[in-house]
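Chemist: Sequence plus predicted model, see below.
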Amino acid sequence: MKTVVTTLNAKYIHTCLALRCLKAYAEPDFPIEMVEYTIKDPVMNIVSDLYDRKPGVIGFSCYIWNIEETIKVINMLKKVLPNTLIVLGGPEVSYDTKEWLENLENVDFIVVGEGEETFKQLLEEISTTKKYHMVFGLAYRKESEVIITAPRPKLKLDDVPTPYRFPEDLDGLTKRVTYFETSRGCPYSCQFCLSSIEVGVRYINIERVKADLLFLIESGAKLIKFVDRTFNIKRDYALEIFQFLIENHQGCVFQFEITADIMRPEVLSYLNENAPAGIFRFEIGVQSTNDATNELVMRRQNFEKLKRTVTMVKEGGKIDQHLDLIAGLPEEDYQSFRKTFNDVFEMRPEELQLGFLKMLRGTGLRLRAEQHDYVYMDHSPYEILKNNVLTFDEIIRIKRVEDVLEKYWNDHRMDGTVEYLVKHEFDSAFDFFQEFGDYWDERGWARIGHQLEDLFKRLDQFLCARQNKTSIETIRALMMVDYFQNHKHKPRKTWWDFSLSKQEQSHYLKILAEDPSLVSQSFASLKLTEKELHKHTMIESIPLHLVDETFTEQVSLLIAFFNPKTNQSAVFTVPLENLHLAKVK
């Protein structure tokens, strides 16, 4: 009996840890063939590939992002492989299981909850006595009746063989994300999250964890994402892993979900002092800063301590932080969410993800949806459409905030400009993103593509359309600086028309070549010839003189040097009056 386990990942670079855990546990008794697709792959291509493998059993790992496409694959697959048994598992089908089996006639079994032991025992019964009622954690049909057996006791994680050492995975380690777990479960009870359903946290022996990590690092892994729901809940365990990775990282990057308000200052100090820059990333779920909302979803959070952690990490300059918000939580109306957004943006995280509440099957919030008049999508991802304090109109507006937030903050295309705008031009960061998002949508830009230059042009157009235009030239100058700083190579075109003629540009470049110290010692140290300046720099007149991260209002020459050796840009300014006083030889 040939067995295949598969899933549809969101992207090619993603990998599915669940498949690897099933394979590791079932073998060698039941050889498992593992294959992954993406939700963008044509259904016919997936079905054809699975058909060619001629499996007797196919197991699908199901999540909210792939269930709809998975169902299409299953329904087509059963037409061409009617005798192949279809098994579903994963968080999306582990709840409302009876409903799934009643509606999906082409599915033969559903593995409920933790799947390794259940899936292996199911394969044993399929190949022998077919006494499926003996398999804990299984749902199946007996004639027209849906049978759901008793839940299976939780595994001891050290009894699950390592899922990280399959030969077929080695080639992809440099190109794909490796997902890694050191524990299962979560100590918290957040009512919007599936992790809250499992009581307690189970850990894998730390020496085995270290051995697996070292194997992956030495085999060429470039990005390892820890899937632990609260990596730092067991402080000594987390610190020992941090120390081990600092000593053995070999350039690999590691991402963790942490609970920021329980992070000890001494741990943060250790990381700031010892971690190489760029090898750690922290994902921190803030979700809401509204105390009443957090209480309603049973979420314990000390925002002041969370801010302390985020601030310490940011000041350390070693670790990028990704902070999450959820719009649509109970009693979080539009104005309350505006405050939440501004509270979090004030910390200037490297990435701020604005998500919308998803009413996941099995969660407490979905079970009590009527209490807050939740209306949400019938099919995955079950995203909310409105509730008793947030209208659909308001959700649409917040989605516009999300759109421009991704383009203008999370992609870091113009940090200096955005910083100026939210501090000096708008009442708050949220108001900038909201007003710009509304303008963006009115112009129909959400429905068309864009290049980098378009983003600058559209922001410029939006700012010019506002009534307060007193600082448009200042903002435009900051945009020019951001534009140059984000290019590795000399750009072929700009989003504005140059104010300097070719003769003026040649004149200034000649002065810069002859006396670069007029700009700064840093610029002079580049030792650029006039020919190199023509080839590798761009200059423009702006009304600002930049000094470090501040500026004064003074007409200056903006100089952008694009280093062909390092593929990095460096931006300088020099007051034009200094150049006018210089004598050209």
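Modeler: Sure thing, it's come through. Numbering: from 1, shown residues only.
Chemist: for the strand or helix carrying residue 305, which positions count as buried?
Modeler: Using DSSP states H and E, residue 305 falls within helix 303-316. The neighbour-count check on helix 303-316 (16 or more other CB atoms under 10 Å) flags 303, 306, 307, 308, 309, 310, 312, 313, 314 as buried. Bear in mind the C-beta positions are built from the backbone N, C-alpha and C, glycine included.
Chemist: With just CA atoms, put stretch 322-335 into CSV.
Modeler: Provided in CSV are the C-alpha atoms of stretch 322-335 (Å, rounded to 0.1, in the frame of the first residue of the first chain):
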residue,chain,number,x,y,z
HIS,A,322,7.5,42.2,13.7
LEU,A,323,4.5,43.3,15.7
ASP,A,324,1.0,42.1,15.0
LEU,A,325,-2.4,43.8,15.4
ILE,A,326,-5.9,42.4,15.0
ALA,A,327,-8.7,44.6,13.9
GLY,A,328,-12.2,43.5,14.9
LEU,A,329,-11.7,42.1,18.4
PRO,A,330,-14.7,42.5,20.8
GLU,A,331,-15.6,46.1,21.8
GLU,A,332,-12.6,47.5,19.8
ASP,A,333,-14.5,50.1,17.8
TYR,A,334,-12.9,52.3,15.1
GLN,A,335,-11.5,55.0,17.5
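Chemist: what's the average pLDDT for that stretch?
Modeler: For stretch 322-335, mean pLDDT rounds to 98.
Chemist: Check what contacts that stretch and list those residues.
Modeler: By CB atoms under 8 Å, 6 or more residues apart in numbering, the residues outside stretch 322-335 that reach it are 192, 281-288, 290, 292-293, 296-297, 310, 337, 340-341, 344, 347, 349-357, 365, 371-372, 384, 387, 389-390, 394-395, 397-398.
Chemist: swap the cut-off to 6 Å and go again
Modeler: 283-288, 290, 292-293, 296-297, 337, 344, 349, 351-357, 372, 384, 389-390, 394, 398 (CB atoms under 6 Å, 6 or more residues apart in numbering).
Chemist: With distance to residue 495 added, can I get the buried residues of helix 303-316 in CSV?
Modeler: Converted to CSV, these look like this (distance: CB to CB, whole Å):
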residue, distance to residue 495
303, 39
306, 38
307, 36
308, 40
309, 38
310, 33
312, 38
313, 34
314, 30
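Chemist: what's the longest strand seen in the chain packed up against?
Modeler: Looking across the chain with DSSP state E, the single longest strand is strand 550-563. Secondary-structure packing of strand 550-563 (3 or more CB pairs under 6 Å, 6 or more residues apart in numbering; DSSP states H and E): strand 537-547, strand 568-575, helix 576-581.
Chemist: Between strand 568-575 and it, find me the angle.
Modeler: Strand 550-563 runs at 130 degrees relative to strand 568-575, counting by axes from the mean of the first three to the mean of the last three CA atoms, to 10 degrees.
Chemist: How far off centre is strand 550-563?
Modeler: When C-alpha coordinates are averaged (CA atoms, centre = their mean, to the nearest Å), strand 550-563 and its chain have centres 34 Å apart.
Chemist: What mean pLDDT does it get?
Modeler: The model assigns strand 550-563 a mean pLDDT of 93.
Chemist: CA atoms only: put that strand into PDB for me.
Modeler: C-alpha atoms of strand 550-563 as PDB (Å, rounded to 0.1, in the frame of the first residue of the first chain):
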ATOM      1  CA  THR A 550      18.200  65.900  11.300                       C
ATOM      2  CA  PHE A 551      18.000  68.700   8.800                       C
ATOM      3  CA  THR A 552      18.000  72.500   8.600                       C
ATOM      4  CA  GLU A 553      16.200  74.600   6.000                       C
ATOM      5  CA  GLN A 554      19.000  75.700   3.700                       C
ATOM      6  CA  VAL A 555      19.200  75.300   0.000                       C
ATOM      7  CA  SER A 556      21.700  72.500  -0.600                       C
ATOM      8  CA  LEU A 557      23.100  70.100  -3.100                       C
ATOM      9  CA  LEU A 558      21.900  66.600  -2.600                       C
ATOM     10  CA  ILE A 559      24.700  64.100  -3.700                       C
ATOM     11  CA  ALA A 560      23.900  60.400  -4.000                       C
ATOM     12  CA  PHE A 561      26.900  58.100  -4.600                       C
ATOM     13  CA  PHE A 562      26.100  54.500  -5.800                       C
ATOM     14  CA  ASN A 563      29.200  52.400  -4.900                       C
END
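Chemist: Buried residues, it. List them.
Modeler: So for strand 550-563, counting by 16+ other CB under 10 Å, buried means 551, 554, 556, 557, 558, 559, 560, 561, 562.
Chemist: tell me the two of those residues that are most distant?
Modeler: Across the buried residues of strand 550-563, the longest distance by CB to CB is 24.7 Å; it joins 554 and 562.
Chemist: quick one: secondary structure of residue 257?
Modeler: strand (DSSP: H, G, I helix; E, B strand; the rest coil).
Chemist: Just confirm it contacts residue 284, I think it does.
Modeler: No - counting by CB atoms under 6 Å, residue 257 does not reach residue 284; the two are 7.8 Å apart.
Chemist: neighbour count winner among these two?
Modeler: residue 284 (23 against 20; other CB atoms under 10 Å).
Chemist: Tell me how far the more buried one lies from residue 324.
Modeler: 7 Å (CB to CB, to the nearest Å).
Chemist: One more: residue 483?
Modeler: Counting by CB to CB, the gap from residue 483 to residue 324 is 29 Å.
Chemist: Looking only at neighbour counts, state which of these two leads.
Modeler: Taking neighbours as other CB under 10 Å, residue 483 and residue 324 compare with residue 483 leading, 24 against 17.
Chemist: ok, the nearest residue to that one once chain neighbours are set aside - how many residues close by?
Modeler: Nearest residue to residue 483, sequence neighbours excluded (CB to CB, 6 or more residues apart in numbering): residue 456, at 5.9 Å. Residue 456 sits with 21 neighbouring residues when counted by other CB under 10 Å.
Chemist: Check residue 165 too.
Modeler: 15.
Chemist: Which strand or helix spans the closest residue in space to it that isn't next to it in sequence?
Modeler: The shortest distance from residue 165 to any non-neighbouring residue, by CB to CB, 6+ apart, is to residue 215 (6.2 Å). According to DSSP H and E, residue 215 maps onto helix 206-218.
Chemist: what comes into contact with the helix or strand that that helix is followed by?
Modeler: Downstream of helix 206-218, the first helix or strand assigned by DSSP H and E is strand 223-226. For strand 223-226, the external contacting residues (CB under 6 Å, 6+ apart) are 177, 178, 179, 180, 253, 254, 255, 256.
Chemist: between the helix or strand that strand 223-226 is followed by and helix 206-218, what angle do the directions make?
Modeler: As assigned by DSSP H and E, the chain's next helix or strand after strand 223-226 is helix 235-248. Orientation check (the same axes, to 10 degrees): helix 235-248 against helix 206-218 gives 30 degrees.
Chemist: List the buried residues for helix 235-248?
Modeler: 237, 238, 239, 241, 242, 245, 246.
Chemist: Roughly how far does the third one sit from residue 290?
Modeler: As for residue 239, its distance to residue 290 is 32 Å (criterion: CB to CB).
Chemist: Could you do the last one as well?
Modeler: Summarising the geometry, the distance separating residue 246 from residue 290, computed by CB to CB, is 37 Å.
Chemist: Can you tell me what sits against the helix or strand hosting residue 523?
Modeler: Secondary structure assignment for residue 523, by DSSP H and E: helix 521-524. Residues from elsewhere that reach helix 521-524 (CB under 6 Å, 6+ apart): 516, 517, 572.
Chemist: Pretty sure the second one sits in a helix.
Modeler: So the one you mean is residue 517. Yes - per three-state DSSP, residue 517 lies within a helix segment.
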